[in-house]
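Trainee: Got a predicted structure here, sequence first:
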Amino acid sequence: MKFSLRVRLVLSYLLLIGFLALASGLLLFNYFKSEYESQYRVNTFTQGSIVSNAIRYHLDRPSIVIEEIKELSRQFSLRILIIGMENRVILDSQSGQANDLTGEIINHGEIITALQGNSSAQIYSTPDYGEVMYSAIPIFREEQVIGAVFLSKSLNEFSILKNQILNRILLSTGLGSLITVIFSVIFASYLTKPLNKLTRASGKLAEGNLAYRVDYKSKDEFGQLADTFNKMAEELENQDIIKRRFIADASHEIRTPLSTIKILVQSLQNSKDLDKDKVNEFLADMNMEIDRLSTLVNNLLELTRLESQKEKIINFEVVELDSLIRKICHRFNILAQEKNIKVLVDVPKIKVSSEYTSLFRIIHNLVENAIKYTPSGGIVEIILLESDDRITLTIKDSGVGITHENLQKVFDRFYRVDGARTGAQGGFGLGLSLVKELSSRLNIDISVESQLGKGTKFTLYLPKANY
């Protein structure tokens, strides 16, 4: 049978507190019982000594002794037997009654011990009288044992007291258990309430309701768990939004070049009298769209590959950064000349610890963007500096710039700012996403600053080479 957490908590508290209460009660009961029994023994030994002292010089005069022990028996509320050295009863305080034991031989262990000179007492449970304490005290005369005083005291009052104490302990344990159940139910409900909320919220998330949040405000561990859960749900919702937007954007970006190619192909099919130059122009446009589509697919595959790798295993090597930058700038010489853009390169000979291909891709994308989004007559600066602990690479353009709102999202996949930085240049919004992902894998910090109408500056902070 499966129990809920609340039931298990209640049962746990009940068993724990009930066990502790019962164990404590029983220990207390045994303590009181032991103390009372010890006190009874002390009392009977004292009473036995009084009897012994009163009669030890008068044993040869039974008539005097019998009156003495009867009086003491009434005072002490017990039965007194005077035992001779042969274990025979000499006198009985109940002499003349039906249960008179005068002349009988009694071999109780307490009597044997007393005749040997030592006092002893023991509690017995009898069918007729209930609990009875038998005590035997030696009778000395001139340091010789001449007999024993045997006392029989009923412990009915003591038994009643013990039962009363035990009943009160059991009653207290029962009441304590009842109170424990009540408070345990309240406390368990309080403890499980946030868990129930988290369970319901998990069910909502499992059903696809990623907007559901746990309404639980507290500074304890459950509050922290609820906050963590809400953050997780928010992240899942954001990832879901990003995924949906990614699918929509990817579909749109792929559809655009495909639509252009389809239109060009239909034009070629439907226009049979096109001259050769026009056909070549259409084919060149189709080739350009195919290149754009290929670039998009390759970028998507690269991003997917990077994100799917569970472990970022990088083979670091010593890279001549100045040489790499010059090679990239050489690739864009023609584009810069066509746009009448001056590229200023200040890169002293510096080596860094990195992975060549990924680092090439990062700087290539940043330089390409700088030239692409800088208007004719503008300037692109590439500056490399070395400090004691790191290398700083700055790529700065005098382009249209980016607003502060858009600056926060430039590394998001498929995110493109206004038409001044997209449209005509035909970007897909994936280049900087790749830059960010690759930089993270290479332990490169990247920052961006921009001012609308004045240009944008990307700064890379690279670790120095260990050589």
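Mentor: All right, it came through fine. Everything numeric here is computed off the predicted structure, so don't read it as measured data. Numbering: from 1, shown residues only.
Trainee: Please make it C-alpha for all contacts and neighbour counts, starting now.
Mentor: Fine.
Trainee: Run through the neighbouring helices and strands of the host helix or strand of residue 319.
Mentor: Residue 319 belongs to strand 317-320 when assigned by DSSP states H and E. The contact analysis (3 or more C-alpha pairs under 8 Å, 6 or more residues apart in numbering; DSSP states H and E) places strand 317-320 against strand 351-354.
Trainee: Packing partners of the strand it packs on?
Mentor: Using 3+ C-alpha pairs under 8 Å, 6+ apart, strand 351-354 sits against strand 317-320, helix 321-331, strand 455-463.
Trainee: if we go to 10 Å?
Mentor: Packing partners of strand 351-354 (3 or more C-alpha pairs under 10 Å, 6 or more residues apart in numbering; DSSP states H and E): strand 317-320, helix 321-331, strand 390-397, strand 455-463.
Trainee: for the ones you listed, which one sits closest to residue 173?
Mentor: Among those, strand 455-463 comes nearest to residue 173, with 70.7 Å by C-alpha to C-alpha.
Trainee: That closest one versus strand 390-397: what angle between them?
Mentor: Between strand 455-463 and strand 390-397, the angle comes out at 160 degrees (axes from the mean of the first three to the mean of the last three C-alpha atoms, to 10 degrees).
Trainee: elements contacting strand 455-463?
Mentor: strand 351-354, helix 356-372, strand 379-386, strand 390-397, helix 431-441, strand 445-451.
Trainee: which one of the helices and strands packed on strand 351-354 has the lowest average pLDDT?
Mentor: For those, mean pLDDT drops lowest on strand 317-320, to a mean of 88.
Trainee: In that strand, which residues are buried?
Mentor: Using 16 or more other C-alpha atoms under 10 Å as the burial criterion, the residues of strand 317-320 that qualify are 319-320.
Trainee: For the remainder of this discussion, apply numbering that starts at 2.
Mentor: Renumbered: residue one is now 2, and that last one reads strand 318-321.
Trainee: strand partners of it, parallel vs antiparallel please.
Mentor: strand 352-355 (antiparallel) (DSSP bridges).
Trainee: Just the residues contacting the partner strand, thanks.
Mentor: Identification of contacts with strand 352-355 by C-alpha atoms under 10 Å, 6 or more residues apart in numbering yields 315-324, 387, 391-392, 442-445, 463-468.
Trainee: As a check, name the ranges of all strands in this protein.
Mentor: Ranges of strands within the chain are 80-84, 90-93, 121-127, 131-142, 145-155, 318-321, 343-347, 352-355, 380-387, 391-398, 446-452, 456-464, based on DSSP state E.
Trainee: Just the buried subset of the contacts of strand 352-355, written out for ChimeraX, thanks.
Mentor: The buried residues among the contacts of strand 352-355 can be selected in ChimeraX (16+ other C-alpha under 10 Å) with this line:
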select :320,321,322,323,387,392,442,443,445,463,464,465,466
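Trainee: Excluding chain neighbours, what is closest to residue 135?
Mentor: Counting by C-alpha to C-alpha, 6 or more residues apart in numbering, the nearest residue to residue 135 once its immediate chain neighbours are dropped is residue 153, at 4.8 Å.
Trainee: is it true that the one you found touches residue 136?
Mentor: Yes. At 6.6 Å, residue 153 counts as touching residue 136 under the criterion of C-alpha atoms under 10 Å.
Trainee: ok, those two, which is more surrounded?
Mentor: residue 136 (27 against 19; other C-alpha atoms under 10 Å).
Trainee: Name the surrounding residues that touch stretch 229-241.
Mentor: Contacts for stretch 229-241 (C-alpha under 10 Å, 6+ apart): 199, 202-203, 206, 209-216, 223-228, 242-247.
Trainee: and if you look at stretch 195-213?
Mentor: By C-alpha under 10 Å, 6+ apart, stretch 195-213 touches 6, 190, 193-194, 214-219, 223-224, 226-227, 230-231, 233-239, 241.
Trainee: I'd like to know which of the residues you listed are buried.
Mentor: 190, 193, 214-215, 217, 223-224, 226-227, 230-231, 234-235, 238.
Trainee: can I get those residues in CSV with distance to residue 338?
Mentor: Shown next, in CSV, are the buried ones among the contacts of stretch 195-213 (distance: C-alpha to C-alpha, whole Å):
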residue, distance to residue 338
190, 75
193, 71
214, 56
215, 59
217, 62
223, 63
224, 61
226, 59
227, 58
230, 55
231, 53
234, 51
235, 48
238, 46
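Trainee: which residues of the stretch 152-301 of the chain score low on pLDDT?
Mentor: Residue ranges of the stretch 152-301 of the chain with pLDDT under 70: 247, 250, 253-254, 300.
Trainee: For it, which segments are assigned as helices?
Mentor: Ranges of helices in the stretch 152-301 of the chain, per DSSP state H, counting those that start in this stretch, are 157-207, 222-271, 277-309.
Trainee: I'd like the ones you listed laid out as a markdown table, including distance to residue 76.
Mentor: As requested, the helices of the stretch 152-301 of the chain are exported to a markdown table (distance: least, C-alpha to C-alpha, whole Å):
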| stretch | distance to residue 76 |
| --- | --- |
| helix 157-207 | 16 |
| helix 222-271 | 70 |
| helix 277-309 | 99 |
